[in-house]
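Undergrad: One predicted model, sequence on top.
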Amino acid sequence: MKVRRFAWEGAAETAAALRGWAAESAPAVDVRPIEREVIDGGDATLLQLTALYDATERAPAALRVATGEPEAALAATEPTLRGAMEAAAANVRAVAEAQLGSEVRVDLPQGQTVKVREIAVGAAGIYTPGGRAAYPSSLLMCAIPARVAGVERIALASPPGPDGRLHPLVLAAAALCGVEEIYAMGGAQAIFALARGTETIAPVDVIAGPGNAWVREAKRAVAGTVGIDSLAGPSELMAIAGHDSDPEWVALDLCAQAEHGAESPLVAVAVEEHVLDAIATAAERAAASRPSVADAPLALVQVPELEAAIELANAYSPEHLELLEEDAALMAARVRSAGCVFVGRHGATAFGDYVAGSNHVLPTGGAGRFSGPLGPGTFRRRISQVEIGAEAAAALAPQADALARAEGFPVHGESAMIRR
């Protein structure tokens, strides 16, 4: 691991320094040429790009995965693994169902009524990373909230492996979620195909799901044409440790996030310097003996007091925040900005990544200041309904007329006044 100590300069200043250091290793990508290719070439271009980047040994004959493959993959899944997937799906579904809102009705003094209700978008595109590895958990985290939200059509895109086929675990997860429209395509081209449509693929209304820098930049490019869940960057973890925190546990939590790649920023925060020293030693030792752990940046920050640690967390707004202090529950109440907070020494981020029921598609790069976890709300939109009777129109018309004329729109005022 690339370990660096940061001096305490205040919450905002230290958070900015941490973000700047992490950004040094971020790749620069340009997805605009791919967007043009997909718009101009459609299905043929998608197949060519899939053969070039993913299905390098055997290109698929068609983009869409054949009906029946997901169910067959689920039936063939090893029983213990299938049980874990089913438990994760049940927990994610329970939390998602609890988030569904009800209609809001407000009766206002002049007699009019304003209702705000939520309805599901018509179609959602789910992107699940794939290729040489499989991430069925990401599919569960996206498709289940979309189903709970009431989305009728869900289209899944996932890159195939070199043999041109999707990983069986991704197909098995699709079967668990009831997703039947599945396309073997990945990268920026998949995002553009879902957003713009091709001969085979009808465009969707919202695209959700994590991916690499190319996927992120493609989502940025189509935002506004479709809704997106977030611009997810590298996975992050900030761990606030106390004098009684087990450095081996903290080290494994940090190394677990480093499995996501060398760009995943890790931050360990403590009041006592010896706690940071122990965590750094344990993390370097654990990383050295585990091949799956990438050479990620690990920042060590000594803070003057626990309150400063919370201030730093709120300023940095990490994707994952672990509170490993003995007073973790009290500290959690003061956290205002983070993707997901894990409270107490047993609250490893890994539980949230898989089976706790919380969603692991979370805001990164400080976006927790203005957004939150993926959920049913990602796939729903609000509609306002205004009911104005004769009495309300008579009371409101002069006020509407005055405001309209002040803004230079006299006909707006006329359309209100004629209803007096």
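TA: Right, received. Where do you want to start? Residues are numbered from 1 along each chain as shown.
Undergrad: elements contacting the strand or helix carrying residue 286?
TA: Per DSSP states H and E: residue 286 is located in helix 273-288. Applying 3 or more Cβ pairs under 8 Å, 6 or more residues apart in numbering; DSSP states H and E, one finds that helix 273-288 contacts strand 2-6, helix 247-258, strand 266-270, strand 297-302. Heads up, the C-betas are built off the backbone N, CA and C, glycines and all.
Undergrad: now, of these, which is deepest in the fold?
TA: Across the helices and strands packed on helix 273-288, averaging neighbours per residue (mean count of other Cβ atoms under 10 Å) puts strand 266-270 on top, at a mean of 28.
Undergrad: and it, which strands flank it?
TA: Strand 266-270 sits in its sheet next to strand 237-240 (parallel), strand 297-302 (parallel), going by DSSP bridges.
Undergrad: re the thing from before, can you give me the angle the helix holding residue 286 makes with helix 247-258?
TA: Angle of helix 273-288 versus helix 247-258, following axes from the mean of the first three to the mean of the last three Cα atoms, to 10 degrees, is 50 degrees.
Undergrad: out of the helices and strands packed on helix 273-288, which comes closest to residue 42?
TA: Closest approach to residue 42 among those is made by helix 247-258 (38.3 Å; Cβ to Cβ).
Undergrad: Could I get the average pLDDT for that closest one?
TA: Averaged across helix 247-258, the pLDDT comes to 97.
Undergrad: Contact partners for the most centrally placed residue in the chain?
TA: Per Cα atoms, centre = their mean, the C-alpha nearest to the average position across the chain is that of residue 361, at 3.0 Å. Residues in contact with residue 361 (Cβ atoms under 8 Å, 6 or more residues apart in numbering) are 138, 141, 142, 208, 209, 210, 229, 230, 232, 373, 374.
Undergrad: Isn't the third one up against residue 126?
TA: Yes - when contacts are counted by Cβ atoms under 8 Å, residue 142 is listed as touching residue 126 (4.6 Å).
Undergrad: Give the intersection of the neighbour lists for these two.
TA: Going by Cβ under 8 Å, 6+ apart, residues that sit against residue 142 and also against residue 126 are 208, 209.
Undergrad: ok, back up a step: what sits closest to the residue nearest to the centre of the chain if chain neighbours are left out?
TA: With Cβ to Cβ, 6 or more residues apart in numbering as the criterion, residue 361 has its nearest non-adjacent residue at 3.8 Å, and that residue is residue 374.
Undergrad: From residue 319, how far out is residue 360?
TA: Noted for residue 360: a distance of 9 Å to residue 319, by Cβ to Cβ, to the nearest Å.
Undergrad: Can you work out which residues contact both of the two?
TA: Taking Cβ under 8 Å, 6+ apart as the contact rule, residue 360 and residue 319 both touch residue 340.
Undergrad: Restrict the longest helix belonging to the chain to CA atoms and write it as CSV.
TA: Using DSSP state H, we find that the single longest helix of the chain is helix 32-53. C-alpha atoms of helix 32-53 as CSV (Å, rounded to 0.1, in the frame of the first residue of the first chain):
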residue,chain,number,x,y,z
ARG,A,32,-17.1,11.0,-27.1
PRO,A,33,-15.8,9.0,-30.0
ILE,A,34,-17.5,5.9,-28.7
GLU,A,35,-20.8,7.7,-28.4
ARG,A,36,-20.6,8.8,-32.0
GLU,A,37,-19.7,5.2,-33.1
VAL,A,38,-22.7,3.8,-31.3
ILE,A,39,-25.1,6.4,-32.6
ASP,A,40,-23.9,5.9,-36.2
GLY,A,41,-23.3,2.1,-36.2
GLY,A,42,-25.9,0.7,-33.8
ASP,A,43,-25.9,-3.1,-33.2
ALA,A,44,-23.0,-3.8,-35.6
THR,A,45,-20.7,-1.3,-33.8
LEU,A,46,-21.7,-2.8,-30.4
LEU,A,47,-20.8,-6.3,-31.6
GLN,A,48,-17.5,-5.1,-33.0
LEU,A,49,-16.6,-3.2,-29.8
THR,A,50,-17.6,-6.2,-27.7
ALA,A,51,-15.3,-8.5,-29.7
LEU,A,52,-12.5,-5.9,-29.4
TYR,A,53,-12.6,-5.3,-25.6
